[in-house]
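K.L.:
Structure here, sequence nowhere to be found:
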């Protein structure tokens with residue numbers, strides 16, 4: 001048994017239509033305020049081509065978390081925390097571009113689509129390697145079906161972003177985005193540092209303390225915002241990140257730090273945005289990438305896919321599984337149904353009252369329950385080192401999955417034989433809701449005060 005696929009399917013490459021490339025060139029060269037948006041990219045070749053294209057273009061870049069650029073050293077004009085800024089009426093108008101070029105898969109943010117609907121660009125061009133439709137607000141003026149790297153290389157060779165008027169106007173546009181992002185970053189960082197520093201008087205994680213309950217609000221002082229912040233800063237270069245639907249992908253999009261890492265492949269299950277099969281999908285993503293993978297999942301998603309832990313144990317996959325346990329479906333706190341107190345908790349939040357130390361033990365997977373930001377940071381860094389060492393030791397190959405039966409006696413119950421780790425972060429739903437609202441309000445108030453519009 002080699003682990004190689006039974007049948008190999010070659011993927012056809014659709015070369016760009018040079019007439020369409022010529023039209024894009026003319027639109028780019030005549031644009032006054034342009035915006036490049038980047039969705040999911042599936043290979044390093046495409047990411048490199050888009051990076052080179054963005055560098056030549058010089059426009060502000062809105063990179064979706066699934067693009068692989070948000071956490072990486074992209075080297076161009078990445079817009080940070082854009083989703084928060086779009087809630088400001090002042091920014092919403094001033095940030096409106098006359099031309100948008102979108103490359104790759106769909107954008108996660110609903111507000112971005114609303115922004116384009118309210119400020120419809122004169123030109124909105126979508127470049128994708130397939131024929132699937134992407135136009136959530138019916139604003140696209142041209143679809144171009146072409147291989148992404150070929151198209152970017154073809155257009156990069158003929159565009160000329162020159163002229164004093166263009167440079168001055170585009171520079172003002174870029175500076176506007178940069179100033180907005182810098183303030184949003186400052187506000188988010190201040191809240192994060194306050195939380196990180198507030199836990200100095202609490203120490204000594206006891207991973208065997210099963211008395212810690214998800215309803216004990218005084219035990220764990222880690223917010224979901226801090227989880228995104230810490231992971232984005234300490235995920236190892238050249239590793240993978242898999243984000244569950246619901247709040248994990250949104251939190252990384254909104255609060256993750258940018259531009260600090262290199263070559264982070266990001267996987268998600270978007271589609272209908274369900275939470276079934278998150279852990280098994282992450283396992284497949286890890287095996288396919290052939291490198292360590294961090295998974296961030298909510299408690300409900302984790303419960304729905306507990307049986308996948310047996311597969312992770314069997315294959316000894318180098319996964320760091322971060323389970324955010326807020327005792328139910330925290331995303332529903334943001335929806336109007338949250339006002340229906342008679343049914344909300346029981347039928348929508350659906351509190352379960354579990355922690356997951358027992359599950360980790362049953363499947364022979366290492367387990368931590370940090371109580372503070374500093375303890376979470378330490379646990380995460382240590383488990384990433386453990387996962388990386390296992391890859392180096394075992395020479396993990398891309399896509400290789402064994403096909404033999406599970407040998408329940410193969411490691412004699414030794415948890416060290418499995419490089420995977422579960423880090424359970426117990427959070428408080430109400431605290432997370434309040435924190436997100438405070439950060440959002442402070443960012444919007446500053447933007448609406450006119451500070452971002454001052455020269």
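P.N.:
Arrived safely, thanks for sending. If you're wondering where the values come from, they're calculated on a predicted model, not measured in any experiment. Residues are numbered from 1 along each chain as shown.

K.L.:
got the contact list for the spatially most central residue of the chain?
P.N.:
Residue closest to the average C-alpha location in the chain (CA atoms, centre = their mean): residue 65, at 4.0 Å. By CB atoms under 8 Å, 6 or more residues apart in numbering, residue 65 lies in contact with 71, 108, 243, 249, 252-253, 256, 266, 268. C-betas here are computed from N, CA, C, even on glycine.

K.L.:
Against residue 427, how distant is it?
P.N.:
Per CB to CB, to the nearest Å, residue 65 is found 20 Å from residue 427.

K.L.:
Can you check which helix is longest in this protein?
P.N.:
If you go by DSSP state H, the chain has its longest helix at helix 164-198.

K.L.:
I'd like to know the average pLDDT value across the next helix or strand after it.
P.N.:
Sequence-wise, the next helix or strand downstream of helix 164-198 (DSSP states H and E) is helix 224-234. On average, the pLDDT along helix 224-234 is 93.

K.L.:
cool, and stretch 313-320?
P.N.:
93.

K.L.:
can you tell me which of the contacts of residue 65 are in strands?
P.N.:
Those of the contacts of residue 65 mapping onto strands are 243, 266, 268, per DSSP state E.

K.L.:
where's the second one relative to residue 306, distance?
P.N.:
What that stands for is residue 266. 24 Å.

K.L.:
what about these two, which has more around it?
P.N.:
Taking other CB atoms under 10 Å, residue 266 and residue 306 do not tie; residue 266 has more neighbours (22 against 13).

K.L.:
just checking, that one touches residue 64?
P.N.:
No: assessed by CB atoms under 8 Å, residue 266 is found out of contact with residue 64, at 9.1 Å.

K.L.:
Just after the worst-scoring helix or strand of the chain on mean pLDDT, pick out the following helix or strand.
P.N.:
Every helix and strand of the chain was ranked by mean pLDDT, DSSP states H and E. The lowest is helix 82-85, at a mean of 71. Tracing the chain past helix 82-85, the next element assigned as helix or strand by DSSP H and E is helix 89-94.

K.L.:
Can you list the low-confidence ranges for the stretch 51-200 of the chain?
P.N.:
Flagging of the stretch 51-200 of the chain using pLDDT under 70 yields the residue ranges 73-76, 84-85, 87, 160-167, 199-200.

K.L.:
Not counting sequence-adjacent ones, nearest residue to residue 389?
P.N.:
Leaving aside its sequence neighbours, residue 389 sits nearest to residue 419 (CB to CB, 6 or more residues apart in numbering; 7.7 Å).

K.L.:
Name all residues that make contact with that neighbour.
P.N.:
Residue 419 makes contact with 316-319, 386-387, 389-391, according to CB under 8 Å, 6+ apart.

K.L.:
Go again with 7 Å.
P.N.:
By CB atoms under 7 Å, 6 or more residues apart in numbering, the contact set of residue 419 is 316, 318, 386-387, 390.

K.L.:
Which two among the residues you listed are spaced furthest apart?
P.N.:
316 and 386 (11.8 Å; CB to CB).

K.L.:
just to revisit the earlier point, name the residues of the longest helix of the chain that are buried.
P.N.:
Using 16 or more other CB atoms under 10 Å as the test for burial, helix 164-198 gives 166, 170, 173-174, 176-178, 180-181, 183-185, 187-188, 191-192, 195-196.

K.L.:
What number of residues are in the vicinity of residue 54?
P.N.:
The tally of other residues near residue 54 (other CB under 10 Å) stands at 25.

K.L.:
in the stretch 201-350 of the chain, which spans are helices?
P.N.:
Ranges of helices in the stretch 201-350 of the chain, per DSSP state H, counting those that start in this stretch, are 224-234, 247-255, 278-289, 299-304, 308-315, 341-343.

K.L.:
now the longest one: how far from the chain's centre is it?
P.N.:
Which is helix 278-289. Offset of helix 278-289 from its chain centre (CA atoms, centre = their mean, to the nearest Å): 15 Å.

K.L.:
what's the angle from that helix to helix 308-315?
P.N.:
30 degrees (axes from the mean of the first three to the mean of the last three CA atoms, to 10 degrees).

K.L.:
Would you agree residue 35 falls within a strand?
P.N.:
Yes: counting by DSSP: H, G, I helix; E, B strand; the rest coil, one finds residue 35 located in a strand.

K.L.:
For it, list the residues it contacts.
P.N.:
Contacts for residue 35 (CB under 7 Å, 6+ apart) come out as 59-60, 62, 97, 100.

K.L.:
right, and out of the residues you listed, which lies closest to residue 379?
P.N.:
Out of the contacts of residue 35, the member with the shortest distance to residue 379 (by CB to CB) is residue 62, at 32.8 Å.

K.L.:
Kindly state the beta-bridge partners for the residue nearest to residue 67 when sequence neighbours are not counted.
P.N.:
Nearest in space to residue 67, with sequence neighbours left out and distances taken as CB to CB, 6+ apart, is residue 38 at 4.4 Å. Judged by DSSP bridges, the bridge partners of residue 38 are residue 63, residue 103.

K.L.:
just residue 298 next, same as before
P.N.:
Following DSSP bridges, residue 298 is listed with bridge partners residue 324.

K.L.:
Settle this for me: it is touching residue 246, isn't it.
P.N.:
Yes: contact criterion CB atoms under 7 Å: residue 298 and residue 246 qualify, at 5.4 Å.

K.L.:
quick one, which of these two is more surrounded?
P.N.:
Applying other CB under 10 Å to residue 298 and residue 246 shows that residue 298 carries more neighbours, namely 25 against 21.

K.L.:
what sits against the more buried one?
P.N.:
For residue 298, the contacting residues are 244, 246-248, 324, by CB under 7 Å, 6+ apart.

K.L.:
Show the backbone phi and psi for residue 16.
P.N.:
phi -70, psi 140 (degrees, to the nearest 10).

K.L.:
Please list all residues in contact with it.
P.N.:
Contacts of residue 16 by CB under 7 Å, 6+ apart are 146, 150-151, 154.

K.L.:
Let me have the residues you listed in TSV, extended by distance to residue 124, secondary structure and neighbour count.
P.N.:
Shown next, in TSV, are those (distance: CB to CB, whole Å; DSSP: H, G, I helix; E, B strand; the rest coil; neighbours: other CB atoms under 10 Å):
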residue	distance to residue 124	secondary structure	neighbour count
146	17	coil	20
150	21	helix	18
151	16	helix	27
154	20	helix	22
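
K.L.:
Measure how buried the nearest residue to residue 46 once chain neighbours are set aside is and give me the count.
P.N.:
Nearest residue to residue 46, sequence neighbours excluded (CB to CB, 6+ apart): residue 148, at 4.4 Å. Residue 148: 24 surrounding residues under other CB under 10 Å.

K.L.:
can you pull the contacts of residue 148?
P.N.:
Contacts of residue 148 by CB under 7 Å, 6+ apart are 41, 46, 49-50, 103-104, 127, 129.

K.L.:
wait, which of the residues you listed is closest to residue 19?
P.N.:
For those, the residue nearest residue 19 by CB to CB is residue 127; the value is 14.4 Å.

K.L.:
Can you give the strand pairings for the helix or strand the closest one falls within, parallel or anti for each?
P.N.:
Using DSSP H and E, residue 127 maps to strand 123-128. Strand pairing for strand 123-128, using DSSP bridges, gives strand 99-103 (parallel), strand 142-145 (parallel).
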